[in-house]
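Q: Sequence first, predicted model second:
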Amino acid sequence: MILENYAVAPFIRIAGYAVRPPFILGERSLLDYILFYVQEGQFEIQLGGDTHMLKEGDLCLFQPGDVHTIKGITSTINPYIHLDFFYNPLRESSFVTLPGQLDMTPYASYMQPRMHDCQDLRIPFKLETAHSHKMRDLVLKMIECWQSQTYTGVMEANQLAHEWLTIIFKIYMKPQTASVSPQPFMNWITSYFAFHISEPINVIDMAKRAGLSPSRFNVLFKQHFGTTPYQYLLHLRIEHARELLYEGVSIQKVSEYCGFTDVHHFSKTFKSIIGTSPGTYRRNEKKEWSAF
């Protein structure tokens with residue numbers, strides 16, 4: 001696996017606090033990642049032929065394809081997050097696997113790349129570092145933000161997941177030599193897009209702001225984000241549109257708020273990316289989240 005081939009774009013699928021008496025979650029495999037924190041109690045995790053005993057304060061990372069069982073030895077409280085770290089256009093269709101689901105071959109298009117498959121990155125299941133407290137606090141803050149289910153809350157939760165992953169890379173990735181000079185001008189782009197999402201944005205203006213030619217800006221943008229400025233902004237707008245639709249905003253207003261020229265253009269673009277019309281999407285999304 002070459003990590004640079006994948007755009008880091010965290011997407012939290014579900015997050016919460018599991019409060020349970022002693023239990024056993026049968027063997028299953030995974031399509032996504034799980035951040036698993038032990039707030040109270042003790043767990044026994046069977047993973048890849050190894051047994052891990054977890055106690056209060058332990059923070060763990062399950063990776064895609066990890067075949068495992070989870071046993072709560074005592075009554076337990078564990079904050080958890082199911083998420084994708086890397087961008088996949090089909091991520092809305094992916095799901096949390098259930099006990100007994102072991103063969104992920106039929107769902108290969110949803111499978112997140114395993115960081116363990118990167119030769120420069122070796123992350124242990126149990127994360128014990130000098131930064132453990134910060135990583136735990138980020139997990140709890142992610143859950144809090146995501147559970148608000150507001151556009152800004154979900155956006156902040158995904159940004160915190162990006163920060164969490166950055167810490168992991170800094171700790172566990174082998175030192176690398178930069179292939180290009182650091183580009184601090186890229187730091188402003190995500191917030192710039194977010195604050196101007198309803199306005200016309202073009203590459204010429206952004207390149208001028210960065211002090212680069214449009215062609216050089218496009219090259220460095222794709223190196224940094226793994227996609228073109230147009231596609232990056234388009235997906236941000238569609239993500240914003242999804243949240244507004246869920247909150248009951250009219251399709252006309254959603255089109256305006258997300259920077260589309262008209263409702264027809266918005267509806268056509270939305271369907272090409274999400275696979276369904278805005279109206280159908282709104283109706284289908286009004287359902288409860290599956291339990292962890």
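A: Thanks, I have it.
Q: Phi and psi next, for Phe43.
A: The phi/psi pair for Phe43 (degrees, to the nearest 10) reads phi -130, psi 150.
Q: wait, it sits on Thr69?
A: No - the criterion here is Cβ atoms under 8 Å, and Phe43 misses it with Thr69 at 10.3 Å. Heads up, the C-betas are built off the backbone N, CA and C, glycines and all.
Q: Looking at the two, which one has more neighbours?
A: Shown here are Phe43 and Thr69; by other Cβ atoms under 10 Å, Phe43 has more neighbours (21 against 15).
Q: which residues pair with that one across the strands?
A: Beta-bridge pairing for Phe43 (DSSP bridges): Leu54, Gly72.
Q: and it, what pLDDT?
A: Among the per-residue scores, Phe43 holds a pLDDT of 98.
Q: Check the gap between it and His133 for me.
A: For Phe43, the distance to His133 (Cβ to Cβ, to the nearest Å) stands at 20 Å.
Q: Report the contact partners of the closest residue to Ala7 other than its chain neighbours.
A: Counting by Cβ to Cβ, 6 or more residues apart in numbering, Ala7 lies nearest to Gly226, which is 2.9 Å off, once chain neighbours are set aside. Taking Cβ atoms under 8 Å, 6 or more residues apart in numbering, we find Gly226 in contact with Asn5, Tyr6, Ala7, Val8, Tyr87.
Q: can we see that at 7 Å?
A: Contacts for Gly226 were tallied using Cβ atoms under 7 Å, 6 or more residues apart in numbering; they are Tyr6, Ala7, Tyr87.
Q: any idea how far it lies from Glu243?
A: Applying Cβ to Cβ, the value for Gly226 to Glu243 is 23 Å.
Q: residue with max distance from the center of this protein?
A: Taking Cα atoms, centre = their mean, the residue of the chain most remote from its mean C-alpha position is Ser213, at 31.6 Å.
Q: The closest residue to that residue other than its chain neighbours: neighbour count?
A: Closest residue to Ser213 apart from its sequence neighbours, by Cβ to Cβ, 6+ apart: Ala207 at 6.2 Å. Neighbour count for Ala207, taken as other Cβ under 10 Å: 20.
Q: Would you agree Ala207 is in contact with Ser215?
A: No - checked against Cβ atoms under 7 Å, the pair Ala207 and Ser215 is beyond contact range at 8.4 Å.
Q: where does this protein have low pLDDT?
A: Residue ranges of the chain with pLDDT under 70: 1-4, 175-187, 285-292.
Q: which strand in it runs the most residues?
A: strand 8-20 (DSSP state E).
Q: can I assume the residue nearest to Ser213 sits in a helix?
A: Yes - counting by DSSP: H, G, I helix; E, B strand; the rest coil, Ala207 falls inside a helix.
Q: Which residues are in contact with it?
A: Going by Cβ under 7 Å, 6+ apart, Ala207 touches Ser213, Pro214, Phe217.
Q: Tell me how far the first one lies from Ile201.
A: So that's Ser213. 17 Å.
Q: With the second one instead?
A: Using Cβ to Cβ, Pro214 is found at 13 Å from Ile201.
Q: Repeat that for the last one.
A: For Phe217, the distance to Ile201 under the criterion Cβ to Cβ works out to 13 Å.
Q: Among those two, which residue is more densely surrounded?
A: Each of Phe217 and Ile201 has its neighbours counted (other Cβ under 10 Å); Phe217 has more, 22 against 16.
Q: helix or strand for that one, which one?
A: Per DSSP states H and E, Phe217 falls inside helix 214-225.
Q: follow-up on the earlier one: going through the contacts of Gly226, which ones are buried?
A: The neighbour count (16 or more other Cβ atoms under 10 Å) marks Tyr6, Tyr87 as buried among the contacts of Gly226.
Q: from the contacts of Gly226, which is closest to Cys60?
A: Checking these against Cys60 by Cβ to Cβ gives Tyr6 as the nearest, at 22.2 Å.
Q: Is the closest one in contact with Arg114, as I believe?
A: No - applying Cβ under 7 Å as the test, Tyr6 and Arg114 come out as separate, 10.8 Å apart.
Q: Can I get the contacts of Ala207 in TSV including distance to Ser272?
A: Shown next, in TSV, are the contacts of Ala207 (distance: Cβ to Cβ, whole Å):
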residue	distance to Ser272
Ser213	30
Pro214	25
Phe217	26
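Q: Among the residues you listed, find me the one that's closest to Asp262.
A: Pro214 (26.6 Å).
Q: Which residues are in contact with that closest one?
A: Contacts for Pro214 (Cβ under 7 Å, 6+ apart) come out as Val203, Ile204, Ala207.
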